[in-house]
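J.: I would like the atomic coordinates for the input below:
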Amino acid sequence: MISEGLGRIFNVRHNTAQGTWLSMRDAAAITYLVHEVDGATVISLAFANDSAGTGATSPLVIDHYYGMSFDVQNGVWHRNNITAAAGFTKPDNTDDVVAIEVLETMCPTTAAGVKQQWVRLTIDGGTATALFHDLAYPRAPQNLRSVSA
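T.: You can find the predicted model right below:
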């Protein structure tokens with residue numbers, strides 16, 4: 001039987017590009033979709049203990065991203081490998097959308113044993129949408145918890 005995906009498979013938060021801390025407590029991963037406006041786009045990730053950004057760190061966890069162009073390669077996703085970093089500059093190429101995967105296993109643990117499951121994406125232009133997937137507790141969309149503070 002087919003059922004709705006929102007709440008069962010994924011949750012979503014739009015306009016996450018302005019440094020909003022998002023919680024991974026109910027998801028095994030976040031896929032950020034970054035829509036560029038024009039030119040190169042600087043993208044960076046940070047992890048923290050809570051929604052206030054306490055103990056924020058920027059570990060070198062990004063080693064690739066996926067790009068897609070609407071007018072080249074018929075809109076097919078392609079992988080772009082990069083040197084492991086906390087952030088990178090997406091060149092001004094034909095990629096209109098970039099997907100960055102953040103897995104729960106990438107979240108660092110502090111010396112005090114706190115898993116940093118609050119994630120912040122920042123970009124210098126364009127918009128970003130966060131797709132939370134592999135949800136721990138499937139529920140009706142109206143019963144999903146907020147992913148931000």
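J.: Render the CA-only coordinates of the helix or strand of the chain with the lowest mean pLDDT in PDB, please.
T.: Across the helices and strands of the chain, mean confidence by mean pLDDT, DSSP states H and E is lowest for strand 87-90: a mean of 78. Taking C-alpha atoms only, strand 87-90 is exported to PDB below (Å, rounded to 0.1, in the frame of the first residue of the first chain):
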ATOM      1  CA  GLY A  87      33.100  23.800   4.000                       C
ATOM      2  CA  PHE A  88      33.900  24.400   0.400                       C
ATOM      3  CA  THR A  89      33.300  26.800  -2.500                       C
ATOM      4  CA  LYS A  90      31.000  25.400  -5.200                       C
END
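J.: Could you tell me which strands it is paired with, and in which direction each runs?
T.: Based on DSSP bridges, the pairing partners of strand 87-90 within the sheet are strand 41-48 (antiparallel).
J.: Now do the buried residues in the strand it pairs with.
T.: Neighbour-count burial for strand 41-48, counted by 16 or more other Cβ atoms under 10 Å, picks out T41, I43, S44, L45, A46, F47, A48. All C-beta atoms are positioned from the backbone trio N, CA, C, and that covers glycine.
J.: got the contact list for the residue most central in space within the chain?
T.: The structure's the chain has its C-alpha centroid closest to Y32; by Cα atoms, centre = their mean the separation is 3.2 Å. Counting by Cβ atoms under 8 Å, 6 or more residues apart in numbering, Y32 touches T16, A99, I100, V102, L121, A128, T129, A130, L131.
J.: coming back round to it: how far does the helix or strand that comes right after the least confident helix or strand of the chain sit from its chain's centre?
T.: Per DSSP states H and E, the first helix or strand lying C-terminal to strand 87-90 is strand 97-103. How far strand 97-103 lies from its chain's middle: 5 Å, per Cα atoms, centre = their mean, to the nearest Å.
J.: do the same with stretch 6-25
T.: 8 Å.
J.: Can you give the contact residues for that stretch?
T.: 26-27, 30, 32, 34, 48, 50-53, 102, 104, 107, 117-123, 126-133, 135-136, 138-141, 143-145, 147-149.
J.: Can you give me the neighbour number for I82?
T.: Neighbourhood size, I82 [other Cβ atoms under 10 Å]: 13.
J.: Thanks again, I'm all set now.
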